[in-house]
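Asker: Got a predicted structure plus its sequence, pasted below:
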Amino acid sequence: MTASYSNKVSPYEAHPRRIANAINNVIDGRTDNYGTCTLTASTVQTVVTLANTQVSENSTVILTARTANAAAALATTYVSDTSNGSFTLAHASNSQTDRIFSYAWIG
């Protein structure tokens, strides 16, 4: 359910081209702190688990609706918990299976 990539640079990186490329990616908005998820149908919460990420209990998660049903669900959807490697979305229960959101996190 997630779409992200990593272009991390080692703290010992000595190649200027690799360092410049990483900095240019950040300037261009190409960071590895984003993805997509779909709210679980017929339940009141969805847990989004991320592999190899830096999301933590101190992160702020930002949601953007990607479908009409997701936009309609925004009023009752919020991040109820963040932890190391995952976050939980609380939402109204219904049978729709296309409530798709993009997310990004900070921190």
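Answerer: Sure thing, it's come through. Residues are numbered from 1 along each chain as shown.

Asker: Regarding the chain, what is its longest helix?
Answerer: Determined from DSSP state H, the single longest helix within the chain is helix 16-27.

Asker: Name the SS class of residue 73, please.
Answerer: Taken by DSSP: H, G, I helix; E, B strand; the rest coil, the conformation at residue 73 corresponds to helix.

Asker: Tell me how far it lies from residue 64.
Answerer: From residue 73 across to residue 64, the span is 12 Å (Cβ to Cβ, to the nearest Å). Heads up, the C-betas are built off the backbone N, CA and C, glycines and all.

Asker: next one: residue 13
Answerer: To residue 64, residue 13 is 33 Å away according to Cβ to Cβ.

Asker: swap in residue 33?
Answerer: 14 Å.

Asker: sorry, back to before: neighbour count for residue 73 and residue 64, which is higher?
Answerer: A direct count of neighbours by other Cβ atoms under 10 Å for residue 73 and residue 64 places residue 73 higher, at 20 against 14.

Asker: these two touch, right, that one and residue 93?
Answerer: No: counting by Cβ atoms under 8 Å, residue 73 does not reach residue 93; the two are 10.5 Å apart.

Asker: Identify all contacting residues around the helix or strand of the chain with the lowest mean pLDDT.
Answerer: One helix or strand of the chain scores below all others by mean pLDDT, DSSP states H and E: helix 16-27, with a mean of 85. Residues from elsewhere that reach helix 16-27 (Cβ atoms under 8 Å, 6 or more residues apart in numbering): 7-9, 13, 31.

Asker: State the helix or strand in which the residue of the chain positioned farthest from its centre lies.
Answerer: The C-alpha centroid of the chain is most remote from residue 14, which lies 30.7 Å away (Cα atoms, centre = their mean). Counting by DSSP states H and E, no helix or strand carries residue 14.

Asker: Sweet, I'm off.
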